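Engineer: No letters, just coordinates:
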Ligand SMILES: Cc1ncc(COP(=O)(O)O)c(C=O)c1O
């Protein structure tokens, strides 16, 4: 069953018990991203502190297990790191997702996000996994512009 | 021609795709015919043979192949006219799909090239659609309202998924110029009460169009008996190919309407500063038409007539009854659409508590080879009406079996286990 490689236990765990969900104050930038083909949406806020440290990533939205779990993992991986560090994680995650299942993920960089490797084989679902990550990148850029 | 007994196993043999395996050895359980139907060998072979032996352009080639191609194309029109009870073959206009047929009619209104009072449209005039429409029967009318300043209004939908007729007399008034509604909803499965709407439209002097994309493939439809003015449907949902659709309209109205697309074959004579137009239906068929697709649709209606549309309807009714019973057994399943067989077809849309339809569709496909459609099915306003972003939809056709519905239910139980 191909499906089992996509719905990893870790993804289901994050879907059932999302980390850091809910919009919080204070924040430096807020963005709203939508996936028009399936209607998934996310509102995401970032709070950047001293020395470019991500103090909080808060979010709310609706969508499939892949998009919701990806937001939860994103929250875990980014909070407490510097903007620079998190952007390299975003880049590695994007490379994995757009690799059509041919990319060997760098586990040291991605941590729990390697669980999404199976999603890359399903072009229709890649956008679900990337929704919150693209929103995050956008929010970080905007926070820097302020 | 009509068979007396409906043998679904024999019918399945006509559809080659139904006996293929999906990667990983999964059998195919195709429950997405409301999206697009599969094709029988009879249609595939007719198209192949035309391409191989008879193909040339139609209407303009003065040689043997031109004559054969034109004959095949025009005889497809005859078949389709007979299939839907059109009083005249000239009332059958080939389009590329239902969307184009709907746009064609919308474009006739408020058009500066129009000279007929019934198609005049401007501020103060009203267009009426419904909340259960496919985007193809919403957007063309929104664009028309924007172009002309007319007002777009709509029927609501009841909690049960029926057209809400309670405000009919206020909604349809002497200001209404055109009402365009689905004959059968592509999400709810609801068959709409055309006669009630039509009676009020006639009092008010409005024209009536039916989006029959989901009814012509599944029920015997007689456009003359329906009594409406325009009917749109699409070939790929009725065992025919994609790229071909049909507009049926009352001849007298089609004659009064301005042309839609300009080009070859739709003219009578052309000068540098003006043209006169061909008689219907060719007035609306600019350029080289989808020749082989039209011929394929002719073969499709031959196929459906051979089985008998009454038999197709009866078979799907059995499947709908079986499917409704089966889905009721699933905890946390909410049916979006009528819960009874009355005035409904074999399209079952639903949500599962706490599980997104995309996850449902993915697991059904990956683990069981069950193909359903997930999302808003091009009916976003209807989903907003029910306060949900998306549904899972199983839609049945003549080649489906109760065994396939069992497979769907097994799959749904598994989905619930994964997300428990
Ligand atoms: C009710 C209804 N109307 C219109 C359409 C549009 O058909 P097409 O895409 O062939 O134009 C569809 C199918 O997608 C439909 O289900």
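Structural biologist: Right, received. Where do you want to start? Keep in mind the model is a prediction, meaning the values are calculated, not measured.
Engineer: The longest helix anywhere in chain A: how far from the chain's middle?
Structural biologist: Under DSSP state H, the helix in chain A containing the largest number of residues is helix A:123-145. Distance of helix A:123-145 from the chain centroid (C-alpha atoms, centre = their mean, to the nearest Å) equals 7 Å.
Engineer: for that helix, packing partners?
Structural biologist: Helices and strands touching helix A:123-145, as assessed by 3 or more C-beta pairs under 8 Å, 6 or more residues apart in numbering or on different chains; DSSP states H and E, comprise strand A:29-35, strand A:40-48, strand A:54-62, helix A:65-78, helix A:83-97, helix B:357-368. Every residue, glycine included, has its C-beta placed from N, CA and C.
Engineer: pLDDT below threshold where in chain A?
Structural biologist: A:1-4, A:146 (pLDDT under 70).
Engineer: In it, which residue sits nearest the ligand?
Structural biologist: Residue nearest to the ligand within chain A (C-beta to the nearest ligand atom): residue A:37, separated by 15.2 Å.
Engineer: Now for residue 23, how many residues are close by?
Structural biologist: Just so you know, I chose chain A. Residue A:23 has 13 neighbours, counted by other C-beta atoms under 10 Å in any protein chain shown.
Engineer: oops, chain B please
Structural biologist: 8.
Engineer: Could you do residue B:276 as well?
Structural biologist: For residue B:276, the neighbour count with other C-beta under 10 Å is 9.
Engineer: Please, which helix or strand holds it?
Structural biologist: Taking DSSP states H and E as the definition, residue B:276 sits inside strand B:275-277.
Engineer: before we move on, the earlier item: any chance of the helices and strands packed on helix A:123-145 in JSON lines, with distance to the ligand too?
Structural biologist: Below are those laid out as JSON lines (distance: least, C-beta to the nearest ligand atom, whole Å):
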{"stretch": "strand A:29-35", "distance to the ligand": "21"}
{"stretch": "strand A:40-48", "distance to the ligand": "22"}
{"stretch": "strand A:54-62", "distance to the ligand": "25"}
{"stretch": "helix A:65-78", "distance to the ligand": "25"}
{"stretch": "helix A:83-97", "distance to the ligand": "30"}
{"stretch": "helix B:357-368", "distance to the ligand": "17"}
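Engineer: Nearest to residue B:50, out of the ones you listed?
Structural biologist: For residue B:50, the closest of the helices and strands packed on helix A:123-145 is helix B:357-368, at 34.0 Å, according to C-beta to C-beta.
Engineer: Could you show which parts of the stretch 1-150 of chain B are in contact with chain A?
Structural biologist: B:23, B:24 (C-beta under 8 Å from any C-beta of the partner chain).
Engineer: all helices for the stretch 1-150 of chain B, in order.
Structural biologist: B:8-13, B:41-49, B:64-83, B:98-108, B:139-148 (DSSP state H, counting those that start in this stretch).
Engineer: Can you name every helix or strand that the fourth one contacts?
Structural biologist: Looking back up the chat, that one is helix B:98-108. Against helix B:98-108 (3+ C-beta pairs under 8 Å, 6+ apart) you get strand B:92-95, helix B:139-148, strand B:176-182, strand B:207-211, strand B:230-234, strand B:245-249.
Engineer: and if we set it to 10 Å?
Structural biologist: Judged by 3 or more C-beta pairs under 10 Å, 6 or more residues apart in numbering or on different chains; DSSP states H and E, helix B:98-108 is in contact with strand B:92-95, helix B:139-148, strand B:176-182, strand B:207-211, strand B:230-234, strand B:245-249, helix B:251-256.
Engineer: go on, the third one?
Structural biologist: Using 3+ C-beta pairs under 10 Å, 6+ apart as the contact definition, the elements that helix B:64-83 packs against are helix B:41-49, strand B:92-95, strand B:245-249, helix B:291-307.
Engineer: which SS class is the closest residue to chain A within the stretch 151-300 of chain B?
Structural biologist: When scored by C-beta to the nearest C-beta, the stretch 151-300 of chain B has residue B:187 as its residue closest to chain A, at 14.2 Å. Here residue B:187 is coil, with the state taken from DSSP: H, G, I helix; E, B strand; the rest coil.
Engineer: doesn't residue B:374 make contact with it?
Structural biologist: No - between residue B:187 and residue B:374 there is no contact under C-beta atoms under 10 Å: 11.8 Å.
Engineer: Looking at the two, which one has more neighbours?
Structural biologist: When neighbours are counted by other C-beta under 10 Å, residue B:187 comes out ahead of the other of residue B:187 and residue B:374, with 29 against 22.
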